[in-house]
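Engineer: whatever this is, show me its structure:
(one chain, ligands or ions: 1)
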Amino acid sequence: MITPVHEAARDTVDVGAAAGVYPVFVGPDLLEHLPVVLSTYAPTRRVAVISDDEVGPIHGASVATTLADSGHDVTVLTFPAGEASKTRTSWSILTDGMLEAGLGRDCVVVAVGGGVTTDLAGFVAATYLRGVPIVHVPTSTLAMIDASVGGKTGVDVHAGKNLVGAFHAPRAVVADTTVLATLERARRAEGLVEAVKHGAIRDEAHFGLVVERAESLIAAEPMACAEVVAASVRLKAEVVAQDEFEEGVRQILNFGHTIGHAIEAAADYRIGHGRAVACGMIAEARLGEGLGVTEAGTAACLIEALAPLTVRGEVDLDPTKARDFLGADKKSRDGQARYVLLRRIGEVARDDGWTHEIDDEAAHAALEAVVRGW
Ligand code: GLY
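Structural biologist: Numbers count the residues shown, from 1 in each chain. Presented below is the predicted three-dimensional model:
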């Protein structure tokens, strides 16, 4: 069915999921179309808008007004901004808030914000009354390119990042690239690390496109952002449609994340996800080169692509603590960390599956080297 939002969007990417195909609308000035998105993909009157206390006053409030003006009964729930809020405590406060508002199974959650919001609100929607629909309105490059697509939801726990969660596909995603202008420049740039990752694992031309457009993307030019966000979402969607529940090929989306998540957790989430994943991709590319699995020069290529996007200096953390988080990664088998390795830019190297076992000492050395700066 073609709706006004299909006509307004620069691109619509359909993502296959067990619960049904859902659209990701990408382009400037899409927020005004939210009432149509809801009436088409999650028809209900009762809406819980969830956002953090930084995005809430700007975009959360305008989404709530747009929906209220179109006849929806809107409950607004807000939590403190930052990864430190992606916890079971925030989950319980938000679900209690929805219960107090008397929201039943006929409600829809609308998540307005970055990756923390889409992960946390997604987990709320996955579990509230055993599951209610969600529509994502990502407001950061990272959330548009990655977190809002694919149905992963969850919270961080003491043992590591995203270790408690659920798969819960959204009904629709509205990625309005105009809103990126309100995002801090450094955060906008850092979110593009995930677009570099998509190119590195699947498509050398996309890798080149992100490098070529980096300046316009960081400057938040809505059409340049729409082009790259849509292309990146399309790459992710191809992978997710084949393996929604990460039993096989979806693991490749974790390139850079085994070491990246360990760094992020060891730094107590004081550094951003993009910076941590940049470190992780470089360390994992160096590991692959050391093993002769990854083409020589790949880590250098990544460094060139990532340098304009994030901070290259030393990461302030205890490397011993970071080592301990490696085994807690979700891809671990028998407590042994597993790594996605590249063959070259644009292609992943397969082993007995999509991940490789690597000697702990080599992994620890790569981790320690990258946190000293790259
Ligand atoms: N961010 C990795 C995934 O969605 O699978």
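
Engineer: hmm, Leu129 is touching Asp106, no?
Structural biologist: No - contact between Leu129 and Asp106 fails when scored by CB atoms under 8 Å: they sit 9.8 Å apart. (C-beta placed from N, C-alpha, C; glycine too.)

Engineer: how near is Phe255 to Arg286?
Structural biologist: 13 Å (CB to CB, to the nearest Å).

Engineer: do Glu347 as well
Structural biologist: Noted for Glu347: a distance of 17 Å to Arg286, by CB to CB.

Engineer: give me the more crowded residue out of those two.
Structural biologist: Taking other CB atoms under 10 Å, Glu347 and Arg286 do not tie; Arg286 has more neighbours (22 against 16).

Engineer: which one is the more buried one nearest to, not counting chain neighbours?
Structural biologist: Nearest residue to Arg286 in three dimensions, chain neighbours excluded: Ala299, at 4.8 Å (CB to CB, 6 or more residues apart in numbering).

Engineer: what residues does whatever residue of the stretch 101-250 of the chain ends up closest to the ligand make contact with?
Structural biologist: The stretch 101-250 of the chain approaches the ligand most closely through Gly150 (4.0 Å), counting by CB to the nearest ligand atom. Gly150 makes contacts with 15, 169, 236, 240, 244, 250, 253, as judged by CB atoms under 8 Å, 6 or more residues apart in numbering.

Engineer: so which of the residues you listed reach the ligand?
Structural biologist: Near the ligand, judged by CB under 6 Å from any ligand atom, the entries from the contacts of Gly150 are 250, 253.

Engineer: could you list the low-pLDDT ranges of the stretch 101-250 of the chain?
Structural biologist: Residues of the stretch 101-250 of the chain meeting the criterion pLDDT under 70: none.

Engineer: correct me, but Val174 touches Ile134?
Structural biologist: No - checked against CB under 8 Å, the pair Val174 and Ile134 is beyond contact range at 11.9 Å.

Engineer: quick one: the residue of the stretch 101-250 of the chain closest to the ligand is in a strand?
Structural biologist: No - read with DSSP: H, G, I helix; E, B strand; the rest coil, Gly150 is coil and lies in no strand.

Engineer: before we move on, back to that, pick out the most distant pair among the contacts of Gly150.
Structural biologist: The span of those, defined through CB to CB, is set by Ala169 and Leu253 at 15.3 Å.

Engineer: look up how far Val15 lies from the closest residue to Gly353 other than its chain neighbours.
Structural biologist: Distances taken as CB to CB, 6+ apart place Gly248 nearest to Gly353, at 7.0 Å, with adjacent residues excluded. The gap separating Gly248 from Val15 is 17 Å, by CB to CB.

Engineer: compare the two (neighbour count), which wins?
Structural biologist: When Gly248 and Val15 are compared for neighbours, Val15 comes out ahead with 24 against 12, by other CB under 10 Å.

Engineer: what's the nearest residue to the more buried one if we skip its chain neighbours?
Structural biologist: Excluding the flanking residues, the one nearest Val15 by CB to CB, 6+ apart is Ala237, at 4.4 Å.

Engineer: please identify the helix or strand for the one you found.
Structural biologist: Taking DSSP states H and E as the definition, one finds Ala237 inside helix 222-242.

Engineer: send me that helix as CSV with only the CA atoms.
Structural biologist: Below are the C-alpha coordinates for helix 222-242, written out as CSV (Å, rounded to 0.1, in the frame of the first residue of the first chain):
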residue,chain,number,x,y,z
PRO,A,222,19.6,16.0,5.2
MET,A,223,19.8,14.6,1.6
ALA,A,224,23.4,13.2,2.0
CYS,A,225,22.3,11.7,5.4
ALA,A,226,19.2,10.2,3.8
GLU,A,227,21.3,8.6,1.0
VAL,A,228,23.8,7.0,3.3
VAL,A,229,21.3,6.0,6.1
ALA,A,230,19.1,4.3,3.5
ALA,A,231,22.0,2.5,1.8
SER,A,232,23.3,1.4,5.2
VAL,A,233,19.8,0.2,6.4
ARG,A,234,19.4,-1.7,3.1
LEU,A,235,22.7,-3.6,3.8
LYS,A,236,21.6,-4.4,7.4
ALA,A,237,18.1,-5.4,6.2
GLU,A,238,19.6,-8.0,3.8
VAL,A,239,21.4,-9.6,6.7
VAL,A,240,18.6,-9.4,9.2
ALA,A,241,16.1,-10.8,6.7
GLN,A,242,18.2,-14.0,6.3
